[in-house]
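Engineer: structural data only, the sequence is not supplied:
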Ligand SMILES: Cc1ncc(C[n+]2csc(CCOP(=O)(O)OP(=O)(O)O)c2C)c(N)n1
Ligand SMILES: CC(=O)[C@@H](O)[C@H](O)COP(=O)(O)O
Ligand SMILES: [Mg+2]
């Protein structure tokens, strides 16, 4: 087969997953292909958002992988999967790449539905080696020993404990074909921390007392490297050698953001997830408004000045979780533990035992990793620590594994844990402070991704419940959790237009719920609960249980995220699709009440001020 020219080779790759086409390319053609891949990724990610630095860093590595191995017969596995854009371009998705992260378009992570070449969709770090271990065992038991299992893991993901649990097993199985490709760019978002990072740096730079890779050799693993991760020839030589060996680590040294100067110059995060930007200059488009993360970060700096016992922890996401300001102000009181949420929670328990007041900030979806530590290390010992869950609720574009939709369900069963869901910046600041002030058990404060809405003042307070509005008769009690307070208000307005009265409350603390909610519910004909979290076992179910336990038989309708993996799409689109909007809630209530019986007793007057109805001649209308 005559070697195609660079352009025709790219065209060939544009239409088919042709590792043969790749193998036929000459070095100049491969260089041209690599450049075309970088140009395309830059152009698209600048417009769609997504991951840039990590993908720019693995272009040559991915080309070499697809030239040495034959995917999908050989399995190419990628940890976290945020660096699979080159893999997608080389496996027949070049012409779809412009739809990256768009609804119905390409996922920003691996996707089995997109391609037989894709395996791990989870986007949660440090799992790839466990898949490799299991796959290799399966191939051994099913007589498919000739299938190579290649696991690409970043130096950041290698700081996750699960990776070492897997390595412990892989190292012991000399007869299984697992190649670990360690993509070492020295960074997670920011520089990777800890002894592992220091060992890798010493291996990269040939410094330190130990020979390169001693950490792996000492486990009985093979080690090849360090290899220049931007030299396709060197990469292919190492990978080809690794194919002939037992379980081996190929230590590949890459540069995050390689080939795009603004990314390479970005000392903070190397354009890890830069948002939208001008590809010509690298200038990031300013985000609109203040973010929830920003409000949290600023309040932490203020709290840090007032409370010298407050310390902060992050799992390799100092910037993304808003702790960079606290770290700048109080570096000795800030701990980046690597991508190690379980250890972060355990270390926070130790810090609390030592008399300090830890605040651990993680994305809500990654809390799942540290559930047992929160339960058995923090709650069992009634330790005063606060877990701040950013990206709580539907995030959308990052696909099913990134929605922060499980915390309000799994945390319901943690004894003594208190959970706050602020509806706006003012409540975030006050609830964060209240949470940090609770000394005898863990607290959680959760808020969504993106811009924080305007403050939404209460018109009254019943116990812990903020009353946001009370209009008309006592038909519907809307319990709106966190930022869905605004949707709750809108629901009440829509109900009013139907001649139905509604009371909207924000519980602020969703665990434990204030028992006053049951008494309030008793006075209404229907309770709606809206939560930006999974319906199964969430706040809605907790409200229903509270009412049952109080012998209140007012029906409860819950609105939240279904227990499903939601395909990637924008947040607003997803909320509409799952019916988590005021329109859906109002319609559901109206239809329900249209089928139901008469009114209940009048709303209590003492709402902390004249009942808004006292000044109007609201009529007691029942839905017709
Ligand atoms: C359990 C978990 N925690 C945090 C994250 C957020 N996250 C996504 S990519 C990343 C950094 C990964 O660093 P590395 O593995 O070195 O890959 P690189 O981006 O450097 O290629 C982090 C922390 C995650 N995906 N999973
Ligand atoms: C891969 C990962 O876990 C994150 O990088 C993800 O992209 C979400 O990040 P943001 O919500 O900050 O965009
Ligand atoms: Mg890295």
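Structural biologist: Thanks, I have the structure now. Everything numeric in this text was worked out from a predicted model, so none of it was measured. Ligands and ions are numbered 1, 2, ... in the order given.

Engineer: show me which residues of this structure are close to ligand 3?
Structural biologist: 154, 155, 156, 185, 187 (Cβ under 5 Å from the ion). Any C-beta I mention is one placed from the backbone N, CA and C, and that applies to glycine too.

Engineer: out of those residues, which is nearest to residue 474?
Structural biologist: residue 156 (53.8 Å; Cβ to Cβ).

Engineer: per-residue confidence at the closest one?
Structural biologist: We have a pLDDT of 98 for residue 156.

Engineer: touching, it and residue 317? I think so.
Structural biologist: No - with contacts counted by Cβ atoms under 8 Å, residue 156 stays clear of residue 317, the gap being 10.1 Å.

Engineer: which residues do the two both contact?
Structural biologist: 188, 189 (Cβ atoms under 8 Å, 6 or more residues apart in numbering).

Engineer: those two - which one has more neighbours?
Structural biologist: More crowded of residue 156 and residue 317, by other Cβ atoms under 10 Å: residue 156, with 30 against 23.

Engineer: ok, that one to residue 117 distance?
Structural biologist: Separation of residue 156 from residue 117 (Cβ to Cβ, to the nearest Å) stands at 24 Å.

Engineer: do residue 596 as well
Structural biologist: 54 Å.

Engineer: three-state assignment of residue 553?
Structural biologist: Three-state assignment for residue 553 (DSSP: H, G, I helix; E, B strand; the rest coil): coil.

Engineer: ends of stretch 526-540, how far apart?
Structural biologist: The straight-line separation of the ends of stretch 526-540 (Cα to Cα, to the nearest Å) is 13 Å.

Engineer: let me fix that, I meant to ask about stretch 333-342.
Structural biologist: Terminal-residue distance, stretch 333-342 (Cα to Cα): 19 Å.

Engineer: then stretch 548-566?
Structural biologist: Terminal-residue distance, stretch 548-566 (Cα to Cα): 31 Å.

Engineer: report the buried residues of that stretch.
Structural biologist: 552, 554, 556, 557, 558, 559, 560, 561, 566 (16 or more other Cβ atoms under 10 Å).

Engineer: if we can go back for a sec, among the residues of the chain next to ligand 3, which one has the most neighbours?
Structural biologist: residue 154 leads the residues of the chain next to ligand 3 on contacts (other Cβ under 10 Å) with 32 neighbours.

Engineer: give me the spatial nearest neighbour of that one, chain neighbours excluded.
Structural biologist: residue 183 (5.0 Å; Cβ to Cβ, 6 or more residues apart in numbering).

Engineer: after the helix or strand hosting that neighbour, which helix or strand is next?
Structural biologist: Using DSSP states H and E, residue 183 maps to strand 178-184. Following strand 178-184 in sequence order, the next helix or strand is helix 195-205 (DSSP H and E).

Engineer: is ligand 1 within reach of that following helix?
Structural biologist: No - Helix 195-205 is not in contact with ligand 1 by Cβ under 6 Å from any ligand atom; minimum separation 9.6 Å.

Engineer: mind giving me the packing neighbours of that helix?
Structural biologist: strand 178-184, helix 214-217, strand 222-228, strand 248-253 (3 or more Cβ pairs under 8 Å, 6 or more residues apart in numbering; DSSP states H and E).

Engineer: so how far is the second one off the chain centroid?
Structural biologist: Think helix 214-217. 32 Å (Cα atoms, centre = their mean, to the nearest Å).

Engineer: residue contacts, the residue nearest the centre of the chain?
Structural biologist: Nearest to the geometric centre of the chain sits residue 402, at 3.8 Å (Cα atoms, centre = their mean). Residue 402 makes contact with 123, 363, 365, 391, 395 under the criterion Cβ under 8 Å, 6+ apart.

Engineer: name the nearest of those relative to residue 574.
Structural biologist: residue 395 (9.1 Å).

Engineer: tell me the contacts of residue 392?
Structural biologist: If you count contacts by Cβ under 8 Å, 6+ apart, then residue 392 has 364, 404, 407, 421, 446, 447, 448, 482, 532, 533 around it.

Engineer: do the same with residue 568
Structural biologist: So residue 568 contacts 101, 103, 107, 108, 396, 397, 398, 399, 400 (Cβ under 8 Å, 6+ apart).

Engineer: hey, where'd the strands end up in the stretch 1-150 of the chain?
Structural biologist: 75-78, 149-154 (DSSP state E, counting those that start in this stretch).

Engineer: buried ones in the helix or strand following the last one, by neighbour count?
Structural biologist: Proceeding N to C from strand 149-154, the next assigned helix or strand is helix 161-172, under DSSP H and E. Along helix 161-172, the positions that meet the burial threshold by neighbour count (16+ other Cβ under 10 Å) are 162, 163, 166, 167, 169, 170, 171.

Engineer: CSV for the residues you listed, including distance to ligand 2 and pLDDT?
Structural biologist: CSV is the format used below for the buried residues of helix 161-172 (distance: Cβ to the nearest ligand atom, whole Å; pLDDT from 0 to 100):
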residue, distance to ligand 2, pLDDT
162, 15, 98
163, 16, 98
166, 20, 98
167, 22, 98
169, 25, 97
170, 24, 98
171, 28, 97
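
Engineer: ok, back up a step: filter the contacts of residue 402 down to just the ones in helices.
Structural biologist: Among the contacts of residue 402, the subset assigned to helices under DSSP state H consists of residue 365.

Engineer: tell me the one of the contacts of residue 402 nearest residue 42?
Structural biologist: residue 123 (21.8 Å).

Engineer: distance of that closest one from ligand 3?
Structural biologist: As for residue 123, its distance to ligand 3 is 15 Å (criterion: Cβ to the ion, to the nearest Å).

Engineer: for residue 266, same thing?
Structural biologist: 14 Å.

Engineer: so what's that residue up against?
Structural biologist: Contacts of residue 266 (Cβ under 8 Å, 6+ apart): 53, 257, 274, 282.

Engineer: out of these, who's nearest residue 578?
Structural biologist: For those, the nearest to residue 578 is residue 274 (29.0 Å; Cβ to Cβ).

Engineer: unless I'm mixing things up, that closest one is touching residue 48, no?
Structural biologist: No - if you go by Cβ under 8 Å, residue 274 and residue 48 don't touch, sitting 11.3 Å apart.

Engineer: neighbour count for the two, which is higher?
Structural biologist: When neighbours are counted by other Cβ under 10 Å, residue 274 and residue 48 differ, and residue 274 comes out ahead with 22 against 18.

Engineer: so which strand or helix has that one?
Structural biologist: Short version: residue 274 belongs to no helix or strand, going by DSSP H and E.

Engineer: ok, it to residue 568 distance?
Structural biologist: Taken as Cβ to Cβ, the span from residue 274 to residue 568 is 18 Å.

Engineer: hmm, back to that, nearest to residue 294, of the contacts of residue 266?
Structural biologist: residue 274 (16.9 Å).

Engineer: show me what from this structure comes close to ligand 2.
Structural biologist: Near ligand 2, when you scan the chain using Cβ under 6 Å from any ligand atom, you find 80, 82, 123, 273, 320, 391, 395, 398, 402, 449.

Engineer: which residues does the residue nearest to the third one when sequence neighbours are not counted contact?
Structural biologist: What it means is residue 123. In this structure, residue 123 finds its nearest non-sequential neighbour in residue 401, 4.3 Å apart by Cβ to Cβ, 6+ apart. Listed by Cβ under 8 Å, 6+ apart, the contact partners of residue 401 are 109, 121, 122, 123, 124, 365, 565.
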